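> Sequence first, predicted model second:
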Amino acid sequence: MMLSSPASKYRPFQPVRLDDRQWPERVITRPPIWMSTDLRDGNQALFEPMDAERKMRLFRILCEVGFKEIEVGFPAASQTDFDFVRHLIEGGHIPVDVTIEVLTQAREDIIDRTLEALKGARRAIVHVYNATSPTFREVVFGMKPDEIIKLAVSAVSRIRQVAGTMTGTEIVLEYSPETFSATELEFAREVCDAVTEAWGACPDDKVIINLPATVEVATPNHYADQIEWMHRHLARRDSIVLSLHPHNDRGTGVAAAELGLMAGADRIEGCLFGNGERTGNADLVTLALNLYTQGVSPGLDFSDINGVARAFEQCTGMPIHPRHPYAGDLVFTAFSGSHQDAIRKGFAVQHPDEPWTLPYLIIDPADIGRTYDSVIRVNSQSGKGGIAWLMQTRYGIAMPRRLQVEFSREVQKETESGGEMSAAAIWRLFSQVYLEPCSPVRYVEHHLREVGDAQGIELIVEIDAHRHVLVGKGNGPIDAAVHALRGAGFDVRVRSFEEQSISASSDGANARACAFLELVGVNGGECYGAGIDENIVTASIRALVSGVNRLANR
């Protein structure tokens, strides 16, 4: 089936006439005023809206993260929302530096009920809206442009009148021309100018003019053009907090918000993790951490992103996608071998006092409370670099390069049938392949002695379950052990030898030695052996026996 031709069904939005647009040249240097709509806009989008207990838990989390403006409900829409607002106020749950916000339609009875819910609050934002786009004017409401303006002005006047009677409560006005992104700019300006005039907006009593992409209908640059046009043409601009409320219908809500900030906006409304109706609101977590990666402190604390994410899921019942920016379970995970190799090399040269420049990772996972354990995970697409990184960071084993290649083949065999190998599973496989091969030779013990200028060894082993005492000498313990095993029919040559220490604690206590020997058989074939022991000589001999067994078993 083919999609129908869009020429006959869909019409693109016409560009904004803004020949000298400034936003493309601007850089965001400070965070916006953040306003969370999780408890209202986000809540109404849930299959099962939150009860009061879960709303309270999420409210506290939003405060802890650092939101200073939080929309807490639509109190005239339900008794549940009304009661929750009253509970916040009467229970003293609102921090002194946090302002709650409530939503109301532009109807007198709803406005009165909304303001009744706010009695006793120190400060509150009353957000009133009415739709302004041609489709809503003509199709939904059957109203002419002057009637739309009259409705907005009437609602604002009523809010101002009732607010004047509320002793001890500061009321801040927010007005949204709903469906702004589909509204003619000249008309949107006319409505907003009428609202700020009716309120008597001044620098000491600013009005929040919120310009929502109620439905995202065009590209993010088009929205930015609209915001810059309004920013430059609104009357009383010094008495306005210009706010954005982008939705995500085209999947570009975050981009639209960022470009809107460049275009002159002061404030952003949205939800944690992009929750909201249809495809959601602008994702405030992504927006904040995007700023952070550009060296701009966002003013929101996501240093425990896992804790925020889990609490969000528990409160809303909405799962966070594993590939969600910053918070998803897999976003700091590399399965690809080339990615893993690049990340491993990046970690090796990254210094704490230098700018973060790690391949493939735009943010240090530790900055948001993520561990490095999940950065590299192993499946059938993985390569030696990722396996080596896990072995080194989790178990202190720095494998020689050729051993990395050899062991990666063993891992590949295990993952060919699908699935993922954890670091613990990789360690078990390494132990099975290199540390525990006890057939046909099993190491028992050894004794060294001096033989003239040479090193002598008495090597006690079991061969096919029978104990043997093998004697040899050489220019060192390993060479002596090679000669001893050669006398029992195991003729090998040592191509390379490496040793290292594995510390079980930061002060080096309980350190063990690890040895790697690369062996070549007299009849061909080559492989590595590995050994671990508290004594380096013993570890080396164990590695030799390991390699001998692996060659024999081939």
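Everything's here; your move.
> Count the neighbours of the nearest residue to V215 once chain neighbours are set aside for me.
Leaving aside its sequence neighbours, V215 sits nearest to D249 (C-beta to C-beta, 6 or more residues apart in numbering; 5.5 Å). Glycine gets a C-beta too; all of them are placed from N, C-alpha and C. The local packing of D249 (other C-beta atoms under 10 Å) involves 17 other residues.
> who's in contact with D249?
If you count contacts by C-beta atoms under 8 Å, 6 or more residues apart in numbering, D249 has them with V215, E216, V217, R278, T279.
> what does I125 give?
Applying C-beta under 8 Å, 6+ apart, the residues near I125 are E69, E71, T99, I100, E101, V102, I171, V172, L173, E174, I208.
> ok so, going back, which of the three states applies to the residue nearest to V215?
For D249, the assignment made with DSSP: H, G, I helix; E, B strand; the rest coil gives coil.
> Turn the contacts of I125 into TSV, columns for distance to V411.
Shown next, in TSV, are these (distance: C-beta to C-beta, whole Å):
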residue	distance to V411
E69	51
E71	50
T99	55
I100	54
E101	54
V102	57
I171	64
V172	60
L173	63
E174	57
I208	57
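> I'd like to know which of the residues you listed are part of strands.
Members of those lying in strands (criterion: DSSP state E): E69, E71, T99, I100, E101, V102, I171, V172, L173, E174, I208.
> Show me what the mean pLDDT comes to for the helix or strand where E462 lies.
In this structure, E462 sits in strand 454-463 according to DSSP states H and E. Across strand 454-463, the average pLDDT comes to 94.
> repeat for stretch 223-243
Mean per-residue pLDDT for stretch 223-243: 98.
> coming back round to it: could you please name the strands the strand holding E462 pairs with and the direction of each pair?
With DSSP bridges as the criterion, the sheet partners recorded for strand 454-463 are strand 441-451 (antiparallel), strand 466-474 (antiparallel).
> okay if I get those as JSON lines plus mean pLDDT and distance to V241?
What follows is these, written out as JSON lines (pLDDT from 0 to 100; distance: least, C-beta to C-beta, whole Å):
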{"stretch": "strand 441-451", "mean pLDDT": "94", "distance to V241": "76"}
{"stretch": "strand 466-474", "mean pLDDT": "94", "distance to V241": "82"}
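> looking at those, which is closest to R17?
strand 441-451 (83.8 Å; C-beta to C-beta).
> who's in contact with G531?
Per C-beta under 8 Å, 6+ apart, neighbours of G531: L435, C514, A515, T538, A539, S540, I541, R542, A543, L544, V545, S546.
> For the helix or strand in which the second one is found, name the packing helices and strands.
Here C514 is covered by strand 512-521, with elements defined by DSSP H and E. For strand 512-521, the contact count by 3 or more C-beta pairs under 8 Å, 6 or more residues apart in numbering; DSSP states H and E identifies helix 401-415, strand 492-502, strand 526-533, helix 536-553 as packing neighbours.
> Figure out which of the ones you listed is closest to R86.
That would be, of the helices and strands packed on strand 512-521 and by C-beta to C-beta, helix 401-415, which comes in at 57.2 Å.
> quick one: contacts of the helix or strand containing R160?
R160 belongs to helix 145-163 when elements are defined using DSSP H and E. If you take C-beta under 8 Å, 6+ apart as the criterion, helix 145-163 is touched by 104, 106-108, 111-112, 115, 126, 128, 130-132, 137, 141, 143, 169, 171, 173, 175, 177, 187, 190-191, 194-195, 198-200.
> Filter the residues you listed down to the buried ones and express that as a PyMOL selection.
Under the burial definition 16 or more other C-beta atoms under 10 Å, those of these that qualify are selected in PyMOL by:
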select buried, resi 104+106+107+111+115+126+128+130+131+132+137+143+169+171+173+175+177+187+190+191+194+195+198+199
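> returning to that earlier point: any chance of CSV for the helices and strands packed on strand 512-521, columns distance to G369?
As requested, the helices and strands packed on strand 512-521 are exported to CSV (distance: least, C-beta to C-beta, whole Å):
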stretch, distance to G369
helix 401-415, 29
strand 492-502, 28
strand 526-533, 33
helix 536-553, 37
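> what's the closest of the ones you listed to A480?
helix 536-553 (9.5 Å).
> now for that closest one, which elements pack on it?
strand 441-451, helix 477-486, strand 492-502, strand 512-521, strand 526-533.
> now the first one against helix 536-553, angle please.
Angular relation of strand 441-451 and helix 536-553 on a 0 to 180 degree scale: 130 degrees, by axes from the mean of the first three to the mean of the last three C-alpha atoms, to 10 degrees.
> where in this structure is pLDDT low?
Along the chain, the model assigns pLDDT under 70 to residues 1-2, 4-8, 334-337, 372-384, 417-418, 503-510.
> and the gap between the most centrally placed residue in the chain and W389?
In the chain, the residue lying closest to the centroid (C-alpha atoms, centre = their mean) is Y326, at 1.0 Å. Look at Y326 and W389: by C-beta to C-beta, to the nearest Å, they are 21 Å apart.
> Please apply the same query to A513.
Separation of A513 from W389 (C-beta to C-beta): 22 Å.
> Please identify which of the two sits among more neighbours.
W389 (24 against 19).
> doesn't K345 make contact with that one?
No. The criterion here is C-beta atoms under 8 Å, and W389 misses it with K345 at 9.3 Å.
> if we can go back for a sec, and the strand holding E462, how far out from the chain middle?
56 Å (C-alpha atoms, centre = their mean, to the nearest Å).
> Other residues contacting that strand?
So strand 454-463 is in contact with 440-450, 467-477, 479-481, 484-485, 488, 541, 545, going by C-beta under 8 Å, 6+ apart.
> now the angle from it to helix 477-486?
Using the same axes, to 10 degrees: strand 454-463 against helix 477-486 is 50 degrees.
> rewinding a little: got a markdown table for the helices and strands packed on helix 536-553, with distance to D83 too?
Putting the helices and strands packed on helix 536-553 into a markdown table (distance: least, C-beta to C-beta, whole Å) gives the following:
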| stretch | distance to D83 |
| --- | --- |
| strand 441-451 | 74 |
| helix 477-486 | 79 |
| strand 492-502 | 60 |
| strand 512-521 | 63 |
| strand 526-533 | 64 |
